[in-house]
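> the sequence and its predicted three-dimensional model are supplied below.
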Amino acid sequence: MRVVIVGGVAGGMSVATRLRRLSEEIEIIVLEKGPYVSFANCGLPYYVSGEISDRSELILQTPEQLKKRFNIDVYPETEAISIDRKNKTIVTNSKGKEEQITYDKLILSPGAEPVIPPIEGLADATNVYTLRNVPDVDKIVTTVKQERPKQAVVIGAGFIGLEMAENLSHLGIEVTLVEAAPQILPPLDEEMAAFVEKELKQKGITVYTGAAATAFKESGEKIELSSGKTITSDFTVLSIGVKPSSDLAVKAGLATGLRGGILVDQTYQTNDLAIYAVGDAIVVKQQITDEDALISLASPANRQGRQVADVIAGVARKNQGSIGTAIVRVFDLAAASTGLSERQLRNSQLEYEAVHTTSKSHAGYFPGNHPIVMKLLFHPVTGKIYGAQAVGQDGVDKRIDIIATAIKAGLTVMDLPELEFTYAPPFGSAKDPVNMIGYAAANIIEGFSENIQYYELKEAIQNGALFLDVRNPGELKTNGSLPYAVNIPLDELRDRLAALPKDQEIIVSCQSGQRSYLAERILKNNGFNVKNLDGAFQIYSTIYPQEVIK
C-alpha cells in the first residue's frame, strides 16, 4: 500500500512516523511545499530575539534523517497542486517540474495560512511580514539585522502577535501593538486579558485596541487606524490570525465547512473514502459543546496524525474532538486558558457561573512566590467544568493543565478540592490554587456564596445596592478605592453590624476576594442580604482604572 501525505510538519509527520512504527510494508511519501519539514514553528518568535540562538534547533528532522531512520520518502519544495480522486493520483510541482504520483491512501495535512486582509496599500508596502515558517523567520531576522528598525508595529494581538511584540522589544525596538478587537488575547476574557495588557504597557509596548489597520501609506511606513490615528512603522508584522489551507481539498471537491475547514468524520475520513485530513486545516468538534470549531494548536495536530495512522493500519481510533488549551508568555507573565471562555458560553447560550480566585504559586511563607489569578467557568447546578483561565508569573501552566485534564476526564468542580498534589514549600501549597477555586465554586453551587461580576456592579449600585469595602485603610491609600464605597475593615465588621442596613442589598469587596467571602458569611449569618464582588477590587480596578481614586 502507498500512503501519500501532503504537509510535512506537525500532523503530517506524526502520521508518517507512527505509520512506519506500525508497519514496514507500507510505502510512505511526504510532500512539503516549503523547504523544511518537521520544524518547530512555535519556536520561531524566540529565534527572532536570539533567545533561541541556534537556527538548527528549529529543524527537528531532515529528509535524509527521516529516510535513514524511518524509510520515509520526503520531498521538500514539492507542492501538491491537484488531486484526481477517480484515478487516485496527485499532481505535484517541484521547482517548475510537474509530476504525477499515485496513492492508495491520501492524508491531507496542509495546515493553516496567515489571514491577509484586503487593506488599502498593503500590496505596495515593502516592510510588512508574516511569520508561519522557517523562510518567514529568515526574512525577518535578516531584515532586522541589516536595516535595524527603530519602530515596529505588530498588527494582531493573539498568541503570535504577543510573542513577536515581546521578542522585538527585547531587541531594543520600539513596538506598537494594534488589535481590532476591544481586547488583546481573544482566548481570554476581557478582565483576564487586562492583566496582560497592563504588563505590555509596563514593559514599554504601546497598545491600541478597538483599532483596525485601514490603510498603508508611503510603502508601509505610515499606517492609518480605524480610530483616525496614523502611526509610523519601519517594520510591520501581520499577525491577524490564520485560516485553513484548504484550496487543494476544495479543488478536489472535498467537503468543507466552518471558514473553509475540511470536514472529516470520527476517523478523520473526508467524503472520499481514500482521503483523510488532520491538523489545522480540519473542522473539529469542540468537545465540551460538540459544536464545530477550528482549533489551530500543535498538540491536537500531533494527536490527530498519530490517530489517523492507527486507523489506516487497522487500529480502532476515534477523533474525540478538542477543548483548546493554550498558553503564552508575555515578558514576566504567563497567560493560559482551556475550554470555553465566558464570551463563548454566552454565544452558545449555556447557563453558567464564573468565579475568580487569587492564590500563591507556592507556599506564601517561602521566598519567590507569585500570585496566580484564576477564573473558572462551570454549570451552576451540575458543576460541569466549561473552562478556566489563569494569569501569573509562575505555576500558571501547571494549574491550567490540571483543569484541562479534569475537563477531559469529566470531573466537576466538586472534584477539584479532592485532587491531591505534591506539596513542599518551594513547589506548591497545602491548599493548591486548583483546590481553592474548586472550594469557591462549590460554595456557589451549595448556596454558601452568591457573587456578582465586575460588569454587573454599576447597575447594582444604580439600583440601590450598598458597596462595602472590607480592606484596611492603609490598603485604600496604597491601592485606591471606589468613590461610592463604604469602608469597614473585616476585623471590625462584627462590632459595626448596626451601621449596616438589613433592608438593602450589600455588595462586599476586598482586594482579591478571600476576605470579602469571610465578610459575606459574617453578614449572611447575621441576616443581611449580601453578594460578593467576584475577583474584588483587583479585577474591577484592572478593568476600570479610571474609576479608582487615591
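Nice, I can see it.

> tell me the buried residues in stretch 391-410?
391-396, 398-400, 402-404, 406-408 (16 or more other Cβ atoms under 10 Å). To be clear about C-beta, it is placed using only N, CA and C from the backbone, and glycine gets the same treatment.

> could you identify the most distant pair in the residues you listed?
393 and 408 (26.6 Å; Cβ to Cβ).

> so which of the buried residues of stretch 391-410 belong to helices?
396, 398, 399, 400, 402, 403, 404, 406, 407, 408 (DSSP state H).

> need these in TSV with pLDDT and distance to residue 382, can you?
Below are these laid out as TSV (pLDDT from 0 to 100; distance: Cβ to Cβ, whole Å):
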residue	pLDDT	distance to residue 382
396	98	27
398	97	26
399	98	22
400	98	22
402	98	20
403	98	16
404	98	19
406	98	14
407	98	13
408	97	17
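
> was I right about residue 164 contacting residue 235?
No. With contacts counted by Cβ atoms under 8 Å, residue 164 stays clear of residue 235, the gap being 10.5 Å.

> one step back: would a markdown table of the ones in helices among the buried residues of stretch 391-410 with distance to residue 416 be doable?
Output for these, formatted as a markdown table (distance: Cβ to Cβ, whole Å):
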| residue | distance to residue 416 |
| --- | --- |
| 396 | 16 |
| 398 | 14 |
| 399 | 11 |
| 400 | 13 |
| 402 | 8 |
| 403 | 8 |
| 404 | 13 |
| 406 | 7 |
| 407 | 11 |
| 408 | 14 |
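
> between the residues you listed, which is nearest residue 88?
Nearest member of these to residue 88, counting by Cβ to Cβ, is residue 408, at 36.9 Å.

> so the closest one makes contact with residue 323?
Yes. Contact criterion Cβ under 8 Å: residue 408 and residue 323 qualify, at 6.8 Å.

> so what sits against both of these two?
Residues touching both residue 408 and residue 323 (Cβ atoms under 8 Å, 6 or more residues apart in numbering): residue 287.

> domain ranges for this protein, per the record?
2-111+243-312, 122-186+201-234, 332-445, 451-547 (automatic domain parsing).

> can you tell me which of those comes nearest to residue 195?
domain 332-445 (4.5 Å).

> distance between that closest one and the chain's centre?
In terms of Cα atoms, centre = their mean, to the nearest Å, the centre of domain 332-445 is set 16 Å apart from its chain centre.

> what's the closest of the ones in helices among the buried residues of stretch 391-410 to residue 189?
residue 400 (14.0 Å).

> sketch out the helices for the stretch 451-550 of the chain, chain order is fine.
457-462, 473-479, 514-525, 536-543 (DSSP state H, counting those that start in this stretch).

> list of residues touching the longest one?
Spelled out, that is helix 514-525. So helix 514-525 is contacted by 357-358, 440, 443, 448-450, 468, 470-471, 490, 493-494, 497, 500, 506, 508-510, 530-533, 536 (Cβ under 8 Å, 6+ apart).

> can we see that at 6 Å?
470, 490, 493, 508, 509, 510, 530, 532, 536 (Cβ atoms under 6 Å, 6 or more residues apart in numbering).

> looking at the helices of the stretch 451-550 of the chain, which is buried most?
helix 536-543 (a mean of 22; mean count of other Cβ atoms under 10 Å).

> quick one: list the elements packing against the strand or helix carrying residue 337.
Applying DSSP states H and E as the criterion places residue 337 in strand 333-339. Counting contacts by 3 or more Cβ pairs under 6 Å, 6 or more residues apart in numbering; DSSP states H and E, strand 333-339 packs against strand 325-330, strand 385-392, helix 396-409.

> sheet-wise, list the partners of it with their directions.
strand 325-330 (antiparallel), strand 385-392 (antiparallel) (DSSP bridges).

> angle of the last one against helix 536-543?
Spelled out, that is strand 385-392. Here strand 385-392 points in a direction 80 degrees away from that of helix 536-543 (axes from the mean of the first three to the mean of the last three Cα atoms, to 10 degrees).

> now do the shortest one
Counting by the same axes, to 10 degrees, strand 325-330 points 70 degrees away from the direction of helix 536-543.

> what angle do strand 325-330 and helix 396-409 make?
170 degrees.

> contacts for stretch 336-350, please.
187-189, 288-289, 323, 325, 327, 352, 354, 386-390, 396, 400, 403-404, 407.

> er, stretch 369-378 I mean
192, 352-362, 385-395, 413, 433, 437, 441.

> immediately after the strand holding residue 337, which helix or strand?
Assigned by DSSP H and E, the successor of strand 333-339 is helix 342-347.

> with mean pLDDT added, can I get the strands paired with strand 333-339 in CSV?
Below are the strands paired with strand 333-339 laid out as CSV (pLDDT from 0 to 100):
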stretch, mean pLDDT
strand 325-330, 97
strand 385-392, 98
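
> reformat those as CSV; add distance to residue 230.
Output for the strands paired with strand 333-339, formatted as CSV (distance: least, Cβ to Cβ, whole Å):
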stretch, distance to residue 230
strand 325-330, 26
strand 385-392, 32
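
> point out the most buried one among the ones you listed.
strand 385-392 (a mean of 27).

> number of nearby residues for residue 363?
16 (other Cβ atoms under 10 Å).

> and it, how close does it get to residue 357?
Counting by Cβ to Cβ, to the nearest Å, the gap from residue 363 to residue 357 is 16 Å.

> before we move on, what about residue 245?
For residue 245 relative to residue 357 (Cβ to Cβ), the value is 40 Å.

> one more: residue 128?
42 Å.

> ok so, going back, of the contacts of helix 514-525, which is the nearest to residue 59?
Of these, the one sitting nearest to residue 59 (Cβ to Cβ) turns out to be residue 536, at 48.3 Å.

> is residue 120 in contact with residue 212, as I believe?
No. In this structure, residue 120 is not within contact of residue 212 by Cβ atoms under 6 Å, at 11.7 Å.

> what residue lies at the spatial centre of this protein?
residue 326 (4.3 Å; Cα atoms, centre = their mean).

> and that residue, what are its bridge partners?
Assigned bridge partners for residue 326, using DSSP bridges, are residue 337.
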